[in-house]
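make a model of this:
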Amino acid sequence: MAKKFKLPPLDDKMVRVDGTKITLDEFRRRYEAPRVPCVITGLTRHWKAHENWTLRNLRKNYANEYFKCGASPKGRSVHLKFKYFFEYMAEYDDDSPLYIFDGSFDERKGTKKMLLDYEVPEIFQESLFDLLGKDRTRPPHRWITIGPARSGTNIHIDPLGTSAWNALIHGHKRWVFIHPDTPAELVKIPKSQRNVHPKEAITWFSTVYKRILYGDWPLDKYPVYECRQNPGETVFVPCGWWHVVINEDNTVAVTQNFCSSVNLPYVYPTIRKDSPSLARAFLDKLCEHRPDLLPTIYDSLSDPKPIDDAYSSSSEKDYVKNESDGDDCDESCISPDSTDVSEESDEESEEEEEEREGDSEEDLSKEYEENADDEEGENEKGMLEIVRRKGKSQKLEVDSKGDAILVDDSEEEDDICESDDSEESETFSDYDTDYDLDDTDYENNNGEPSSNSPEIHTEPQREIPPVRFAPDNGVKRRASRDGRRTFLPNQMNNLYLDAEDF
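So this is what the prediction gives:
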């Protein structure tokens with residue numbers, strides 16, 4: 001399959017934004033608030049990662065450091081020393097290759113210095129989950145991704161209603177975005193075509209993608225947008241959008257998911273439903289540090305505009321309604337294996353059994369949820385009632401026990417502003433592709449595809465209409481368990497490679 005697989009010519013009409021000129025307010029107004037995906041240039045131009053994250057330099061500086069690159073048959077994470085992964089990329093030609101998708105590089109002693117090689121762009125710096133600090137309920141949000149051609153991520157919607165940004169350091173990635181209204185049964189790989197790689201990007205591009213290009217896909221009803229991400233470009237992934245990514249060559253990228261004051265109306269209803277313990281901790285922190293956002297939370301729950309309704313067919317609504325998906329970490333751990341679209345409802349029992357075999361990290365504080373649901377409901381009701389009743393002569397404060405109370409306020413103005421404060425929030429996103437350019441290559445190419453990159457059809461950009469609905473119980477997605485790709489260091493014992501040849 002590896003030798004036969006070839007991506008078709010690209011019809012890249014994605015909007016490209018000059019990140020050196022756009023302001024935060026303009027970005028939020030034109031892209032984040034209306035949920036319009038785009039490619040942003042110029043945000044990484046000063047990053048040290050362009051030099052430090054070439055494959056050769058990564059091998060030189062992190063040869064003996066372990067990175068997560070897959071999962072065992074029982075769902076346990078598989079970590080591999082980078083020197084072995086480097087050799088694997090050079091020597092092997094797998095249909096669906098191993099892919100480093102590591103969400104804990106920033107915590108390990110040997111790799112956390114990689115954080116110094118990049119900085120979160122200004123337009124994505126507001127991350128409300130940062131208020132949780134080191135609270136164990138905080139979902140994973142930051143990943144480094146490294147992989148060869150044909151590696152990637154299957155079709156999915158980002159977890160917990162978050163948005164994401166993905167900055168490509170080296171290589172090229174092919175992205176496909178499908179409108180949030182699209183039913184899952186249309187975007188997922190047909191059961192009859194799942195072959196030996198049922199949950200991999202290469203299978204999606206060999207099946208569903210062909211239907212979009214050459215079949216009877218209802219483009220007028222469910223628009224599809226595609227693009228190539230070049231070195232130095234950042235892709236913005238708005239919450240709720242289906243997307244799939246495949247690497248066109250060797251790639252290195254960093255990606256982050258975020259909750260901002262703009263997408264908070266999508267995030268909070270989602271975590272309230274899927275992870276009550278996280279919602280409880282998050283609400284406490286917002287009350288303490290961002291009480292101005294409490295009206296936004298109240299509005300998102302009192303007047304929901306459902307994302308579930310975007311699944312336009314009644315069969316899909318029934319499918320969503322009957323799901324019992326409580327995998328908080330599955331919803332927050334974005335990996336090339338854990339973000340796949342769910343199987344059909346007749347396969348749910350099998351998936352649930354697989355999910356139970358996975359790492360304990362897959363249930364974020366799940367053990368607390370049974371006993372905490374009632375308490376959380378009462379606390380939240382009380383909190384929102386306070387927000388509702390609050391008048392100009394009172395203000396919301398938190399007492400020494402962490403409870404919300406109303407106190408007299410001599411000032412005339414209300415401390416809690418309306419949630420039109422989206423201008424002060426920012427976002428961050430999800431997914432990547434790149435290959436090993438050295439510094440000279442990058443400068444000469446100016447972020448453009450190299451000569452061996454597939455040809456791009458430079459047709460006029462197509463305007464992406466805004467998505468105007470908000471969530472009912474948040475953004476609905478179901479992520480299946482980690483894939484079953486296995487890779488062990490002892491398989492690399494007999495591999496030899498001259499670094500100059502790679």
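
quick one: low-confidence residue ranges for the chain.
1-4, 195-197, 303-502 (pLDDT under 70).

try 80
Applying pLDDT under 80 to the chain flags residues 1-5, 72-75, 93, 95-96, 135-137, 191-199, 303-502.

touching, N250 and W53? I think so.
No - using C-beta atoms under 8 Å, N250 is not in contact with W53; the gap is 11.5 Å. In this view, the C-beta of every residue, glycine as well, is placed from N, C-alpha and C.

need phi/psi at R59.
phi -70, psi -40 (degrees, to the nearest 10).

if I look at it, how far off is K83?
Using C-beta to C-beta, to the nearest Å, R59 is found at 6 Å from K83.

tell me which of those two has more neighbours.
K83 (20 against 17; other C-beta atoms under 10 Å).

what residues of the strand or helix carrying that one count as buried?
Element membership for K83, per DSSP states H and E: helix 82-91. Across helix 82-91, burial judged by 16 or more other C-beta atoms under 10 Å covers 82-90.

from the residues you listed, pick the one nearest D284.
F82 (39.4 Å; C-beta to C-beta).

the closest one and C69 touch, don't they?
No - using C-beta under 8 Å, F82 makes no contact with C69, being 9.4 Å away.

which strand residues bridge the residue lying closest to Y66 once chain neighbours are set aside?
For Y66, ignoring the flanking residues on the chain, the nearest one in space by C-beta to C-beta, 6 or more residues apart in numbering is H79 at 4.0 Å. Counting by DSSP bridges, H79 forms beta bridges with K68.

residues in contact with H79?
66-69 (C-beta atoms under 8 Å, 6 or more residues apart in numbering).

switch the cut-off to 10 Å
Neighbour list for H79: 65-70, 85, 100, 102, 104, 108, 487, 489 [criterion: C-beta atoms under 10 Å, 6 or more residues apart in numbering].

quick check: buried residues in stretch 37-49?
37-44, 47, 49.

common neighbours of F82 and C69, please.
Shared contacts of F82 and C69, defined by C-beta under 10 Å, 6+ apart, comprise 100, 146.

ok, and the closest non-adjacent residue to S77?
That would be K68: by C-beta to C-beta, 6+ apart, it lies 5.3 Å from S77.

which element is I297 on?
helix 294-302.

I'd like to know which elements that helix is packed against.
helix 264-274, helix 276-289, helix 366-389 (3 or more C-beta pairs under 10 Å, 6 or more residues apart in numbering; DSSP states H and E).

okay, the angle between it and helix 276-289?
150 degrees (axes from the mean of the first three to the mean of the last three C-alpha atoms, to 10 degrees).

buried set for helix 294-302?
294-301.

contact partners for L115?
105-106, 142, 144, 254.

from those, which would you call buried?
For those, buried by 16+ other C-beta under 10 Å: 105, 142, 144, 254.

elements contacting the helix or strand where I40 lies?
Using DSSP H and E, I40 falls within strand 38-41. Helices and strands touching strand 38-41, by 3+ C-beta pairs under 10 Å, 6+ apart, are strand 16-18, strand 163-170, strand 224-229, strand 234-237.
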